[in-house]
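Novice: Test case, fold it:
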Amino acid sequence: MSFRFVLLFFLSAGLSSPALYADETTELLDSVSVSWDEHRSRSATAKIHFFSAFIDCKEQKFSVEDVHRLVAEFEFSADEEFMQEFVSTFHPEVIERHRQHDQSTGPWDLWDDVVLLDDGINRRSIGRRNEHIVARGLHLMYSKHLSQQITAFEEGRCMVYFYDRDWFLGIPPAQVLEQVEHAHSEAGSLKLSGKKSGDWVLDAETHLPISQTSMDDQSKYGRLTYYKLPTIFPGDVTAPAMRVEVDFRDGIAQKAELTAIVDAEFNLDIPKTAFVVPAKEGAAMVDQRSEERHARALKHDIEDAAEYFLANGIARKAVAATPISGSERKFDWKAFFLIANGISLIVLGVVLWRRSAN
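Specialist: Residues are numbered from 1 along each chain as shown. Next up is the predicted model:
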């Protein structure tokens, strides 16, 4: 074997070396990072009107391949007609049950109709049955059904999720790029992959997500996410009008989630009063900012529920936390006699047992 042949062999091997792949991955990730930061910075505020649906679909026993096929066949459109089609595909039985439901016993909606307000600091989500307001360090949840109730949590402590602006922008958290192990261009798109990041498909020009697959090696547990109908909304912000997420267990789809933007506007002025919620006389005001749950009914109308909790909750906590001084403690004679009587019975039992033993 000649020296020239050996040299050519090693040079050709070097062209596909891991180092070159690493250079391509680094270059692509740097480009994606810049694009994602730019997309985030374009949106300062938002008003988004959307539909949302959560569907229990395990009865259909859809596999990963089935879901890929269904999503590819759908003609996505952000309207109620498509919402009906989506729900009936993933859970056809619920359509018939909804048709037979007696609405006089209480409303039952197949999907929610929501308006989200976000001024960059405060957030408010106004749905058919519930509202969420995050402002001034509080998370207020306003339940409209059955009876009016406003529950207060410390911000970040409410376990009930509601959609925020980041969900609709579709831009993944920055740490996702740190978890990507490989990136390359393919057929007009960018593909990112990593054990922790999952597999992402991005638009080659905008770098906005098209889909994400986060599954285990056997494709039994995980999630598929699809971003559909990229749209330029007023305020010069591009975002997917529709987003689908499907969760899997044992290789079978368990839950399907869909959001569809009906209309949206970004970078608009939103007054502070939009995040102020009044409450009427008789409304139940529930304070869950501490381990003890406090509730009381309003005796009169109020203009600002957050101000009510900020003013009243602190006073209740201070009273609950005040210890009783030694001079205020009283001897409990009733408890003393009960304990003494119990001890006497034990002693008597021991004496009788010893006599019977002799």
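Novice: Check the residue positioned nearest the centre of the chain and give its pLDDT.
Specialist: Among the residues of the chain, the one closest to the centroid is Tyr161, at 4.3 Å (CA atoms, centre = their mean). On the pLDDT scale, Tyr161 is placed at 85.
Novice: repeat for the one 3 residues further on
Specialist: In the predicted model, Asp164 carries a pLDDT score of 92.
Novice: swap in Glu65?
Specialist: pLDDT recorded at Glu65 is 96.
Novice: what's the neighbour count on it?
Specialist: Each residue near Glu65 was counted by other CB atoms under 10 Å, and the total is 10. The way it works is simple: take the backbone N, C-alpha and C, and place the C-beta from them, glycine included.
Novice: And the longest strand seen in the chain, what's buried?
Specialist: If you go by DSSP state E, the chain has its longest strand at strand 252-266. Of the residues in strand 252-266, Ile252, Ala253, Gln254, Lys255, Ala256, Glu257, Leu258, Thr259, Ala260, Ile261, Ala264, Phe266 count as buried by neighbour count, 16 or more other CB atoms under 10 Å.
Novice: so what strands line up beside it?
Specialist: Next to strand 252-266 in the sheet, as set by DSSP bridges, lie strand 46-56 (antiparallel), strand 237-249 (antiparallel).
Novice: Flag every buried residue along the last one.
Specialist: By neighbour count on 16+ other CB under 10 Å, the buried set for strand 237-249 is Val237, Thr238, Ala239, Pro240, Ala241, Met242, Arg243, Val244, Val246, Asp247, Phe248.
Novice: ditto for the shortest one
Specialist: Neighbour-count burial for strand 46-56, with 16+ other CB under 10 Å as criterion, is recorded at Ala46, Lys47, Ile48, His49, Phe50, Phe51, Ser52, Ala53, Ile55.
Novice: before we move on, the earlier item: tell me the gap between the longest strand of the chain and the middle of its chain.
Specialist: Remark: strand 252-266 is offset 12 Å from the chain centroid, using CA atoms, centre = their mean, to the nearest Å.
Novice: Next: stretch 133-140.
Specialist: 16 Å.
Novice: of the buried residues of strand 252-266, closest to Arg157?
Specialist: The closest of the buried residues of strand 252-266 to Arg157 turns out to be Glu257 (CB to CB; 23.2 Å).
Novice: what pLDDT does that closest one get?
Specialist: 96.
Novice: ok, it touching Phe51?
Specialist: No: with contact defined as CB atoms under 8 Å, Glu257 does not reach Phe51; the gap is 11.7 Å.
Novice: where does the nearest residue to Gly198 once chain neighbours are set aside land in three-state SS?
Specialist: In space, not counting the residues next to it along the chain, Gly198 is nearest to Ser214; the distance is 3.5 Å by CB to CB, 6 or more residues apart in numbering. What DSSP: H, G, I helix; E, B strand; the rest coil gives for Ser214 is strand.
Novice: on that earlier part again, any idea which helix or strand comes after the longest strand of the chain?
Specialist: strand 284-287 (DSSP states H and E).
Novice: Does that following strand pack against any helices or strands, and if so which?
Specialist: Applying 3 or more CB pairs under 8 Å, 6 or more residues apart in numbering; DSSP states H and E, we find strand 284-287 packed against strand 149-154, strand 294-297, helix 305-321.
Novice: What is the neighbour count of Ser193?
Specialist: A count of neighbours around Ser193, defined by other CB under 10 Å, yields 17.
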